[in-house]
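Visitor: just coords:
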């Protein structure tokens, strides 16, 4: 016979439910079905035992390794576009905006952790389902899908622009030829079919986990090279007047010009840093930054695996990870900008081809970054396929045909996007102005408002009002960014910028 007082105390959360006591508790979402086999890599469990609630799960990942994992989730191709963003905002405005986006990302992770702690949810899509039912789940899944498609597109765009330069350097060709192996579009298709697709067809994600550490190491190597090259590349850059390309051997620059020859020295751009500036390309700044800080779909899986997990401990993990990436982002943007100033392109690594195409260090950076992004694409494809499975085939058993078909269709669409996109700036802009604000600003706030019980925090309580303002800020950012980008495209401003 149950004690009514004890039952009421359990329902209020004042004591634990004793063994054998019946009660209505929100069931833990099941992740054991065939349709969720890929998800199991993120959600380890002890076979043969009853699943534990998320907040009680005994993770095995250390504090330091969790920081490493979340830092790697944050770090991505967005770092290559930040120098361009600084060139179109100025150093002070860029620093202010970068700081604001980093702090807002930290706050949104705080909202996610509070929401997940209440309901015991360990996946972003499931949090949306708990808050708004099927529409919330679909909205989160669509946003994650768009974000990851944008990430994969940016990775393959790097392959399209950098791999021909690597081949040209290895073949010691001074000029780019029209051969098929020098065409970035062909190379993207070949790399996708021969390397990315076989890796993406693996059934479990765990086999690809080793690439995450290598990817982060490559970006650290990239940052060190950007800082080093700042003191090696002169300003202004010398120009070859016959073909309008920058002279490759910058160590041989002199004041001598050839009056009766073809080559003479011209000044390209200014060499003074701007503290504050606004132009048509400034509209891309916040989307690029938002794109660079999106890690929110990975926060809950990392929280699940954290040893001695608590909301406070996971918040510390996120704070340190964002702080580390904030410093890396600012350093890469600052030294990249101070190297090329107004001549920096929307993809920083490609800018070095104008002065250091045959430089061994830059070649090593290119090869490292290319290897990292190629091996990262299959990892990013897994959650996209999982989201599609949740949206369209939730109650279906695992099928190799469907597993393969989704990967092939996704890679085909992404290849078409990369082939026909004029610059990487458009990918950063559109994805950063749509899915990124949803994942960083809007969804964490509205999920929190819906999930947090009114008896703990009334609708007009300061935390919920602050969350509502946070969601409104995300909507404002999205509308403003999209409006400015569309205006820039309509006036033709985006066609020339950042073009290669």
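Guide: Here it is on my side, so go on. Predicted model, so just to flag it, every value in this text is computed and none were measured.

Visitor: how many neighbours does the closest residue to residue 183 other than its chain neighbours have?
Guide: Distances taken as C-beta to C-beta, 6 or more residues apart in numbering place residue 164 nearest to residue 183, at 7.1 Å, with adjacent residues excluded. (C-beta placed from N, C-alpha, C; glycine too.) The number of residues packed around residue 164, counting by other C-beta atoms under 10 Å, is 21.

Visitor: residues in contact with residue 164?
Guide: Residues in contact with residue 164 (C-beta atoms under 8 Å, 6 or more residues apart in numbering) are 176, 182-184, 187.

Visitor: Whichever strand or helix holds residue 227 packs against which elements?
Guide: Assigned by DSSP states H and E, residue 227 belongs to helix 210-230. In terms of contacts (3 or more C-beta pairs under 8 Å, 6 or more residues apart in numbering; DSSP states H and E), helix 210-230 is packed against helix 63-74, helix 311-340, helix 360-392.

Visitor: Same list (these) but as a markdown table, adding mean neighbour count.
Guide: Shown next, in a markdown table, are the helices and strands packed on helix 210-230 (neighbours: other C-beta atoms under 10 Å):
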| stretch | mean neighbour count |
| --- | --- |
| helix 63-74 | 20 |
| helix 311-340 | 20 |
| helix 360-392 | 20 |
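
Visitor: What are the buried residues along stretch 289-307?
Guide: 289-306 (16 or more other C-beta atoms under 10 Å).

Visitor: And it, end to end?
Guide: 31 Å (C-alpha to C-alpha, to the nearest Å).

Visitor: average pLDDT for it?
Guide: What stretch 289-307 shows for mean pLDDT is 81.

Visitor: In this structure residue 319 contacts residue 106, no?
Guide: Yes - with contact defined as C-beta atoms under 8 Å, residue 319 counts as touching residue 106 (5.9 Å).

Visitor: Output the below-cut-off pLDDT ranges for the stretch 51-200 of the chain.
Guide: 51-59, 121-122, 174-177 (pLDDT under 70).

Visitor: 90 instead, please
Guide: Along the stretch 51-200 of the chain, the model assigns pLDDT under 90 to residues 51-82, 84-85, 88, 101, 112-186, 195-200.

Visitor: just so I have it, where are all the helices in it?
Guide: 63-74, 82-87, 91-119, 124-132, 134-170, 184-191, 197-200 (DSSP state H, counting those that start in this stretch).

Visitor: From the contact counts, what lies against the first one?
Guide: Think helix 63-74. Checking 3+ C-beta pairs under 8 Å, 6+ apart, helix 63-74 ends up next to helix 210-230, helix 296-305, helix 311-340.

Visitor: now those as JSON lines including distance to residue 402?
Guide: Shown next, in JSON lines, are the helices and strands packed on helix 63-74 (distance: least, C-beta to C-beta, whole Å):
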{"stretch": "helix 210-230", "distance to residue 402": "25"}
{"stretch": "helix 296-305", "distance to residue 402": "22"}
{"stretch": "helix 311-340", "distance to residue 402": "34"}
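
Visitor: So which of those helices is nearest residue 79?
Guide: Smallest distance to residue 79 across these (C-beta to C-beta): 5.3 Å, for helix 311-340.

Visitor: Please name the nearest non-neighbouring residue to residue 189.
Guide: residue 415 (5.8 Å).

Visitor: Repeat that for residue 185.
Guide: Counting by C-beta to C-beta, 6+ apart, the residue nearest residue 185 is residue 419, at 4.8 Å.

Visitor: count of neighbours near that neighbour?
Guide: Residues near residue 419, counting by other C-beta under 10 Å, number 15.

Visitor: Summarise which helices and strands the host helix or strand of it is packed against.
Guide: Assigned by DSSP H and E, residue 419 belongs to helix 400-420. Judged by 3+ C-beta pairs under 8 Å, 6+ apart, helix 400-420 is in contact with helix 134-170, helix 184-191, helix 197-200, helix 360-392.

Visitor: now the ones you listed in TSV, with distance to residue 327?
Guide: Shown next, in TSV, are the helices and strands packed on helix 400-420 (distance: least, C-beta to C-beta, whole Å):
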stretch	distance to residue 327
helix 134-170	22
helix 184-191	32
helix 197-200	32
helix 360-392	19
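
Visitor: for the ones you listed, which one sits closest to residue 331?
Guide: With C-beta to C-beta as the criterion, residue 331 lies closest to helix 360-392 of these, at 15.1 Å.

Visitor: Give me the mean pLDDT for that closest one.
Guide: Mean predicted confidence for helix 360-392 is 82.

Visitor: Would you mind pulling up the elements that it packs against?
Guide: Counting by 3+ C-beta pairs under 8 Å, 6+ apart, helix 360-392 packs on helix 134-170, helix 197-200, helix 210-230, helix 348-351, helix 400-420.

Visitor: Appreciated, that's everything.
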